[in-house]
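In: please work out how this folds:
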Amino acid sequence: MSFLLIAVAMLGSQDAPADNRTTLWQSVRAGMSRAEVQALYPAASDRVHHQNDLTIVEDFQVTDQCKATVRIWHRQGSVQEVVVRGESSIGGRCSDIALTALSSRYGEALSRERGGDGLFRRVNTAYVWHREGVTLRFRKFNGTVFGGGGLGAPSWELTYSEVEDDVAL
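Out: Alright, predicted model coming up:
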């Protein structure tokens, strides 16, 4: 009987196998199953919503003054990307805070591109960084007369995705 207890104790004390999947955002890793995401973010509050291919975390506190909605995409049953969409802010204050934080953490962006120019589309500037197998795409939105902007629209969006290594170029 004591041998069995010792064996069980030894099994329980072994370290769990290392998770070598790429960390995209916080504790979310590329390739996590929907069940793993639900374990990280249980639907115990009205801030977390689970759908077939998406987990939404609302009112995520980015800074004291800025909140965001987090969308964890797990299409085909596993996580491919995480999109953090900043809630609207007066004068783009929160988008400036987020861009400054990213630039201080990861340095100058690898690219900067302006897009969305047009009467009915929101103007945005996109910035790209690569870090430890992850591509970060930050889009800072500016309102247009007809393209939306204002207090109901997000002022920024940050997408985390795994760097594609199998590109045949």
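
In: these two touch, right, residue 154 and residue 92?
Out: No: contact status for residue 154 versus residue 92: not in contact, 10.8 Å apart, counting by CB atoms under 8 Å. Where you see a C-beta, it was placed from the backbone N, CA and C, and this is true even at glycine.

In: helix or strand for the most centrally placed residue in the chain, which one?
Out: The centre of the chain sits closest to residue 82, judged by CA atoms, centre = their mean, with a distance of 3.3 Å. Assigned by DSSP states H and E, residue 82 belongs to strand 81-86.

In: sheet-wise, list the partners of that strand with their directions.
Out: Strand pairing for strand 81-86, using DSSP bridges, gives strand 67-73 (antiparallel), strand 156-162 (antiparallel).

In: other residues contacting that strand?
Out: 24-25, 28, 60, 62, 66-73, 94-95, 98, 154-162 (CB atoms under 8 Å, 6 or more residues apart in numbering).

In: what's the overlap in contacts for residue 154 and residue 92?
Out: Contacts common to residue 154 and residue 92, judged by CB under 8 Å, 6+ apart, are residue 141.

In: how about low-confidence regions in the protein?
Out: Applying pLDDT under 70 to the chain picks out residues 1-17, 89-91, 116-122, 143-153, 165-169.

In: ok, then the element right after the longest helix belonging to it?
Out: Ordering each helix of the chain by length in residues (DSSP state H) puts helix 93-106 first. Next helix or strand after helix 93-106 toward the C-terminus (DSSP H and E): strand 111-115.

In: quick one: the helices in this protein?
Out: Secondary structure of the chain (DSSP H): helices located at 2-13, 34-40, 93-106.

In: ok and the longest one relative to strand 81-86, angle-wise?
Out: Read it as helix 93-106. Helix 93-106 runs at 130 degrees relative to strand 81-86, counting by axes from the mean of the first three to the mean of the last three CA atoms, to 10 degrees.

In: residues in contact with helix 93-106?
Out: Residues outside helix 93-106 that contact it (CB under 8 Å, 6+ apart) are 62-63, 65-66, 86-87, 89, 109, 127, 129, 131, 136, 138, 140-141, 155-156, 158.

In: report the buried members of the residues you listed.
Out: Buried members of the contacts of helix 93-106, counted by 16 or more other CB atoms under 10 Å: 62, 66, 86-87, 89, 109, 127, 129, 136, 138, 140-141, 155-156, 158.

In: which one of those sits closest to residue 46?
Out: Set against residue 46, the nearest of those by CB to CB is residue 87 (16.4 Å).

In: verify the stated contact: the closest one with residue 154.
Out: Yes: look at residue 87 against residue 154 with CB under 8 Å: they come within range, at 6.5 Å.
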